[in-house]
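S.K.: Model the following, please.
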Amino acid sequence: MTSPMRALVTGLTGQDGAWLAAQLLRDGWHVTGTHRASSPASGWRLDELGIADHPHLATRALDPVDAEACDRIVADVAPHAVFHLAGQSRVAESFRDPRGSLEANGIGTVNLLEAVRARAAEAHLVLAASAEIFGTPTSAPQDEATPPRATSPYGLSKLLAHAAVGTWRASFGIRASSAILFNHESELRDPAFVTRKITRAAARIALGLEDDVALGNIDARRDFGYAPDYVEAMVAMASRPHGDDYVLASGLAASVRDFATAAFAAAGITLAWDGTAADEVARDARGIPRVRIDPTLFRPVDAPLLVGDASKARRDLGFEARTGLNALCARMVDADLARARTGGPR
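M.R.: Alright, predicted model coming up:
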């Protein structure tokens, strides 16, 4: 009998980590997932996916900034693949703590690359990079050849991680790939992210539990996809014999305003927008304000348009962004309606 494939997944309890672990377990892998020492080893996402007590899922605390800890866990697990998803994931937080973001996302990635080089040289490391490495691009759509020009501390931290993957691949010959992820959302998204903030508010407003929601820059246009489609591509990346970089995106751009309109529609509320800038407001069919603008929520820097060209991933990985904006919003709103009705997590 052949031994099962072993995966190390950092950031297990986050959105992508939970979806990724669920897929790997379905595919027969044994998974060791890491979490912050200050966070629970399981969490609501693993519970919702029904994998918290899976016999082939183990959990370990890990701070990727700790190089010795990275070395120990890679040596202990002896993984065939390392999926590095842990780090500081919020653009807004990076403006408050730029140094911490650079350490968490940049230095943490270097530490894992070094651990793989020393302890699991045949393993394939797949990094969750970000479209924020492109900053405010001069052309659209963006692909693997688009010059990076990060304009936020978060984007810079992800650019450091992305560049490190390419450098270790070229300098040391390790199998390392970077998934340049455009916005990918799901019902497991943290409520601090604007997409889940919107779907949660739409559900609660529909149930009479809240009155309205405040948003920042609703003109920003992003490429919204469904997270499970994206982690599926990351698993395919790990199976390739050589490392490479891949943009994962739907190729379609929608504004935050568009996302809010679709989310409220999924909750049975038709929005009508009027006004401009900070005075813009969205009202329901009865004229009640449901979405308002809060200028304090604007970021110091916010790219007006990020939209990706995933042609390479479609060709090499069979990647397909199968879930459109309306279906994505419906999934998220349905989950938030169920949670609001039952008092479920998040």
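S.K.: I'd like the distance from stretch 265-282 to the chain centre, please.
M.R.: 27 Å (CA atoms, centre = their mean, to the nearest Å).
S.K.: Ok, stretch 65-76 next?
M.R.: Centre to centre, stretch against its chain (CA atoms, centre = their mean), the figure for stretch 65-76 is 24 Å.
S.K.: next one: stretch 65-79
M.R.: 23 Å.
S.K.: got a list of contacts for that stretch?
M.R.: Under the contact criterion CB atoms under 8 Å, 6 or more residues apart in numbering, stretch 65-79 has outside partners 6-8, 32, 34, 60, 62-64, 82, 103-104, 107-108, 111-112, 114-116, 118-120, 123. Where you see a C-beta, it was placed from the backbone N, CA and C, and this is true even at glycine.
S.K.: same check, this time on stretch 200-212
M.R.: So stretch 200-212 is contacted by 191, 213, 260, 263-264, 266-269, 288-292, 333, 336-337, 339-341, 346 (CB under 8 Å, 6+ apart).
S.K.: 10 Å instead?
M.R.: 189, 191, 213-215, 260, 262-269, 271, 281-284, 288-292, 329, 332-341, 346 (CB atoms under 10 Å, 6 or more residues apart in numbering).
S.K.: Show the average pLDDT along it.
M.R.: Mean pLDDT, stretch 200-212: 98.
S.K.: gap between the two ends of it?
M.R.: 11 Å (CA to CA, to the nearest Å).
S.K.: picking that back up, give me the subset of the contacts of stretch 65-79 lying in strands.
M.R.: 6-8, 32, 34, 60, 82 (DSSP state E).
S.K.: Am I right that L127 is in a helix?
M.R.: No. L127: not assigned to a helix; according to DSSP: H, G, I helix; E, B strand; the rest coil it is strand.
S.K.: Okay, and the beta partners of it?
M.R.: Counting by DSSP bridges, L127 is bridged to H84, S178.
S.K.: how close does it get to L181?
M.R.: 10 Å (CB to CB, to the nearest Å).
S.K.: of these two, who's got more company?
M.R.: Per other CB atoms under 10 Å, whichever of L127 and L181 has more neighbours is L127, with 31 against 27.
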